[in-house]
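> Give me a model of this one.
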Amino acid sequence: MRVFVTGGAGFIGSHTLVQLLRTNADIMVFDNYSNSSPEALKRVKRLAQSDFSIVEGDMCDPRALASAMQGFKPDAVIHFAGLKAVGESAEKPLDYYRTNIGGSITLLDAMDKVGCKRIVFSSSATVYDPNKPFPFTEDTALCAASTYGRTKQFIEEIIRDWSAATPGSSAAILRYFNPVGAHASGDIGEDPVGIPNNLLPYISRVAHGSLQELQVFGNEYATADGTGARDYIHVEDLASAHIAALEHITSMTGCDTFNIGTGTATTVLEMLRAFEKVTGKPIPYRIVGARAGDVSTTVANVSKAERVLGWKAKYDIDAMCRSIWNWQTRNPRGYEPRG
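Here you go, the predicted structure:
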């Protein structure tokens, strides 16, 4: 199978590539490295002991995207590319709408031009209405509480409409909960540009000493300790979900949606304590005000993914913490040159 991967140099994309290469897929990665590094792709090739094509380009550039797809003629697309920070999306909404929604429309248009009718889309649990009871099922009402979440919600609707209007098409929408962790080798992991927006990269940098303390955004949520609770999933489990979804869309038509999580919620302070236990490092923290767009608890009902995809998460919180600490200690400056 020929698979076109947008945003393949990113955190989730790079881990998925390693597993995808083991299926002997022919792959082209399309990435502009706005929040990633070409070094990640070099390491993927080394880990997988396999090669693939790489095109540097922007999702919002229709000529570059069409040219890449025309030359490659993919059988399927895995769409990771996009801006992804909840807080930043509130500050720069037009950037998020332009990049995430505009880029996705450009991608679907390019797919039409080359006759590619299969797509796996990287969506998010932030599409759900936070006021609805959890755990969230795929049928829980959608009402995103952030600009970032709304871009994902709108793209989902666009893909459903595209699929309905495209005979023989198939799409899998994967609603991620909270991806964390790193590859067991410690060679690839999450390497955000600047100050991390996500919890585990921030904690690991505090433990390593490159950041002074963790800021905990709010402690008055209706959770066990007042801090926000999330369904954290190991990135290796998330990667395997993409392989299962890709296999699924080769034997169906229409558009299907799946929650990808563990079904268990962990608070910020519970995760902090787990990291301290695994690493033996104290994590200083300070409670600050809650962020706009954040919600109390998100946790998945994952029964559909287990039933339809035959997929289930394997890794627990301790494994997540161990893997990210291994990545952090081996790569204190991420993908920058060591030394």
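
> so where do the strands sit in the stretch 1-150 of the chain?
Taking DSSP state E, counting those that start in this stretch as the test, the strands found in the stretch 1-150 of the chain are 2-6, 26-31, 53-56, 76-79, 118-124.

> what helices or strands is the second one leaning on?
Looking back up the chat, that one is strand 26-31. Packed against strand 26-31 by the contact rule (3 or more Cβ pairs under 8 Å, 6 or more residues apart in numbering; DSSP states H and E) you find strand 2-6, helix 11-21, strand 53-56, helix 62-72. Bear in mind the C-beta positions are built from the backbone N, C-alpha and C, glycine included.

> of all the ones you listed, which lies closest to Asp237?
Of all the helices and strands packed on strand 26-31, helix 11-21 sits nearest to Asp237, with 9.7 Å by Cβ to Cβ.

> Next, the angle from the closest one to strand 26-31.
170 degrees (axes from the mean of the first three to the mean of the last three Cα atoms, to 10 degrees).

> what's helix 11-21 packed up against?
Helix 11-21 is packed against strand 2-6, strand 26-31, helix 38-48, strand 76-79, helix 235-249, with contacts defined by 3+ Cβ pairs under 8 Å, 6+ apart.

> JSON lines for the ones you listed, including mean pLDDT?
Output for the helices and strands packed on helix 11-21, formatted as JSON lines (pLDDT from 0 to 100):
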{"stretch": "strand 2-6", "mean pLDDT": "98"}
{"stretch": "strand 26-31", "mean pLDDT": "98"}
{"stretch": "helix 38-48", "mean pLDDT": "97"}
{"stretch": "strand 76-79", "mean pLDDT": "98"}
{"stretch": "helix 235-249", "mean pLDDT": "98"}
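
> could you dump these to JSON lines with distance to Tyr202 and mean neighbour count?
Converted to JSON lines, these look like this (distance: least, Cβ to Cβ, whole Å; neighbours: other Cβ atoms under 10 Å):
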{"stretch": "strand 2-6", "distance to Tyr202": "26", "mean neighbour count": "25"}
{"stretch": "strand 26-31", "distance to Tyr202": "24", "mean neighbour count": "24"}
{"stretch": "helix 38-48", "distance to Tyr202": "20", "mean neighbour count": "18"}
{"stretch": "strand 76-79", "distance to Tyr202": "27", "mean neighbour count": "26"}
{"stretch": "helix 235-249", "distance to Tyr202": "16", "mean neighbour count": "22"}
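
> Distance of the residue nearest to Pro74 when sequence neighbours are not counted relative to Tyr221?
Take Pro74 and drop its neighbours on the chain: the residue closest to it by Cβ to Cβ, 6 or more residues apart in numbering is Phe4, 3.8 Å away. In this structure, Phe4 lies at 40 Å from Tyr221, with Cβ to Cβ, to the nearest Å as the measure.
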